[in-house]
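Novice: sequence and computational prediction follow.
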Amino acid sequence: MTVPYTFANQIGPIPLLELDQNFAAVSLNVDTAVTVTGNAQPNITSVGILNSLSLNATSIALGANTVANAVLNTVSIGANAGANTQGSHTIAIGFFAGNNSQGSNSIAIGRAAGFDSQGDDCVAIGVAAGRTTQYFGAVAVGRLAGNTSQFSNAVAVGRSAGSLNQSTQAVAVGQLAGNTNQGSQAVAIGALAGLNTQGSNSVAIGSYAGNPFMAQNSICINGLPGNLSAPTANALYIAPIRNDNANVANVLYYNTSTAEVTYAPSSAYSNSNVSTFLADFGSNTISTSGNITTAGFFVGTFVGNIAGNLVVPGSNTQVLYNNDGNAGASTALTFDSASNVLVLTGNITASQFTGNGSGLSAITGANVTGVVANATTAATITTAAQPNITSVGTLTSLTVSGNATASNLVSTGQVVALGNVSASGFIGNGSTLSDITGANVTGVVATATTAATITTNAQPNITSVGTLTSLTVTGNTTSGNLLTVGQVSATSNITGANIFTAGLISATGNVTGSNITGNNITGLTSITLPVYAANVDRDTAIPTPTAGIMALVANAFQGYNGSNWVTFTAS
């Protein structure tokens, strides 16, 4: 209801909502009002706990260091949210969310989400999601998802998914999926799938798929509890696959043109299919862990090793050979690996044989060419000149029409020659030789017992002679002992270790010796002898005398003869 009133500048009906409980108009400067009628309230600086808040402005900014820009239509809620260069039509909710250079049309929700350089049209939801350098159109949902350098249009969902260097258009879903250096357009789904350096255009599905390696352009599907690595590019890895040997009714086919995998009954895959396959992929290798069985033949080249048993024709030790394109064997050709013996029944034809031929027999002589090194017997030698024959057996006779030249001529019988026999040396008994010219004899004649006159003065090889009637020596005579029953006379000195004689030693000069022993020593004018203990107590100086010692006692010479001291007296 309304009532007429006149207050201030207002005349006319007053809405019931603008009256107080006593149906009186509210004044302009009251402290309390049930309903504030004016839109602009610049003096209200704080309010209580609000049940709801409605703002008509185009931008919202709540929190320290937040800025509401009515032109850009932004929302920034939380301290420092969207604080610096927040783009148009953006949302930054959370402490430091979208803090610096948040691109247009982007959303950053969570502490430090889209913190620095969040590109246009990006989404970062979660603590530090898309924190640093999130490029155009990238999406990061989860704590640390797309945390650093998430490139354009990449998607990272899950804690630490695509956390570092997630490349363009890559997708990582799951905890730590595509965590580090995920390649462009790669897909990783599952916890730790494609964890580290996942190759570009590869797909890793399942926990730990593509760990520790995930090569480019490959697919890895893992249902096992541990790692499944995919190290080879352009390859498919699936684990587990159930082994079902009973299920052989159908087989899988792969179309290399369309990349489609299909199946068909195994009976539909005939020899013609194999032939077509081998014709198209003749350079490929067929590998199987089972058996390859054929009722016919294997045609082509086998590369590598054949392990296991190989069924071949023939029996043990028989050698395989090419029998008109097929493997053949024969009892006529065997090889025993234990004895290392090859046996062939029949002929062996070759351009050349090499090895020990001592076991050969019945060799036709006409077929032997060249030098036979060990031919010990020949019936008849047809060639007159035989320069290689250097010795023969015992000859019954030897006739030489020309000259016979030999280093040595040895004969137990006679050698008869009508002419001269010339040789560098003759060996044998020469006792029957006569008229040998002495001038032609050289060297030492070992048994020449007599010579009329020796012509050479020096004869150093003569060490003994018979009894000489006299011996005259003009120089020195040196000898071990000089024995004579007569006299030895010398005009010079006679020197010797000992001079013994049963007669007299007569000298006009000096006679010098360590010991001079004799029955009579006459003609001495002086004597020089070793003297011991001159004029001292003899027995003290010489307590143990030996024969030949002399002492000068009281100016008298005494000598010890071996048992007593004897005093010399002059005569």
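Specialist: Thanks, I have the structure now. Residues are numbered from 1 along each chain as shown.
Novice: for residue 455, see how far away residue 470 is.
Specialist: 21 Å (CB to CB, to the nearest Å). C-beta here means a position set from N, CA and C on the backbone, and glycine is covered the same way.
Novice: which SS state does residue 221 fall under?
Specialist: Under DSSP: H, G, I helix; E, B strand; the rest coil, residue 221 falls in the strand class.
Novice: surely it and residue 205 touch.
Specialist: Yes: Residue 221 is in contact with residue 205 according to CB atoms under 8 Å; the separation is 4.9 Å.
Novice: domains of this protein?
Specialist: Per the record, the chain has its domains at 1-36, 60-239, 315-344, 525-571, by automatic domain parsing.
Novice: check contacts around residue 135.
Specialist: Shown in contact with residue 135 (CB atoms under 8 Å, 6 or more residues apart in numbering): 119, 122, 150, 151, 152, 154, 168.
Novice: what two of these are the furthest from one another?
Specialist: 122 and 168 (13.5 Å; CB to CB).
Novice: looking at the two, which has the bigger crowd around it?
Specialist: residue 122 (30 against 17; other CB atoms under 10 Å).
Novice: for the stretch 1-150 of the chain, which residues score under the pLDDT cut-off?
Specialist: Flagging of the stretch 1-150 of the chain using pLDDT under 70 yields the residue ranges 1-36, 39, 49-57, 70-71.
Novice: where do the helices sit along it?
Specialist: Assigned by DSSP state H, counting those that start in this stretch, the stretch 1-150 of the chain shows no helices.
Novice: quick one, strands of it?
Specialist: Ranges of strands in the stretch 1-150 of the chain, per DSSP state E, counting those that start in this stretch, are 4-7, 10-13, 60-62, 75-77, 84-86, 91-93, 100-102, 107-109, 116-118, 123-125, 132-134, 139-141, 148-150.
Novice: tabulate the ones you listed (a markdown table), appending distance to residue 339.
Specialist: As requested, the strands of the stretch 1-150 of the chain are arranged in a markdown table below (distance: least, CB to CB, whole Å):
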| stretch | distance to residue 339 |
| --- | --- |
| strand 4-7 | 136 |
| strand 10-13 | 134 |
| strand 60-62 | 101 |
| strand 75-77 | 96 |
| strand 84-86 | 93 |
| strand 91-93 | 92 |
| strand 100-102 | 89 |
| strand 107-109 | 87 |
| strand 116-118 | 84 |
| strand 123-125 | 82 |
| strand 132-134 | 79 |
| strand 139-141 | 77 |
| strand 148-150 | 74 |
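Novice: between these, which gets nearest to residue 231?
Specialist: Closest approach to residue 231 among these (CB to CB): strand 148-150, 25.7 Å.
Novice: which other residues reach the closest one?
Specialist: Against strand 148-150 from outside (CB under 8 Å, 6+ apart): 130-135, 138, 140, 156, 162-166.
Novice: I'd say residue 423 and residue 409 touch.
Specialist: Yes: at 6.2 Å, residue 423 counts as touching residue 409 under the criterion of CB under 8 Å.
Novice: where exactly do the strands run in the stretch 401-550 of the chain?
Specialist: 550-553.
Novice: residue ranges of the helices in it, please?
Specialist: Going by DSSP H, counting those that start in this stretch, the stretch 401-550 of the chain shows helices at 538-541.
Novice: any low-confidence regions in it?
Specialist: Using pLDDT under 70, the stretch 401-550 of the chain drops low at 407, 424, 443-453, 480-483, 485-488, 490-494, 496-536.
Novice: surely residue 170 meets residue 181?
Specialist: No: judged on CB under 8 Å, residue 170 makes no contact with residue 181 at a distance of 10.0 Å.
Novice: between the two, which one's more packed in?
Specialist: Taking neighbours as other CB under 10 Å, residue 170 and residue 181 compare with residue 170 leading, 30 against 19.
Novice: that older thread, who touches both of residue 170 and residue 181?
Specialist: Residues touching both residue 170 and residue 181 (CB under 8 Å, 6+ apart) are residue 198.
Novice: would you convert the strands of the stretch 1-150 of the chain into a markdown table that also reports mean neighbour count and distance to residue 462?
Specialist: Formatted as a markdown table, those follow (neighbours: other CB atoms under 10 Å; distance: least, CB to CB, whole Å):
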| stretch | mean neighbour count | distance to residue 462 |
| --- | --- | --- |
| strand 4-7 | 11 | 182 |
| strand 10-13 | 10 | 180 |
| strand 60-62 | 17 | 145 |
| strand 75-77 | 23 | 141 |
| strand 84-86 | 18 | 133 |
| strand 91-93 | 26 | 137 |
| strand 100-102 | 22 | 129 |
| strand 107-109 | 26 | 133 |
| strand 116-118 | 24 | 126 |
| strand 123-125 | 26 | 130 |
| strand 132-134 | 23 | 122 |
| strand 139-141 | 27 | 127 |
| strand 148-150 | 24 | 118 |
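Novice: between those strands, which gets nearest to residue 263?
Specialist: Comparing the strands of the stretch 1-150 of the chain by CB to CB, strand 139-141 comes nearest, at 38.1 Å.
Novice: show me what that closest one pairs with in its sheet, parallel or antiparallel.
Specialist: As defined by DSSP bridges, the strand partners of strand 139-141 come to strand 123-125 (parallel), strand 155-157 (parallel).
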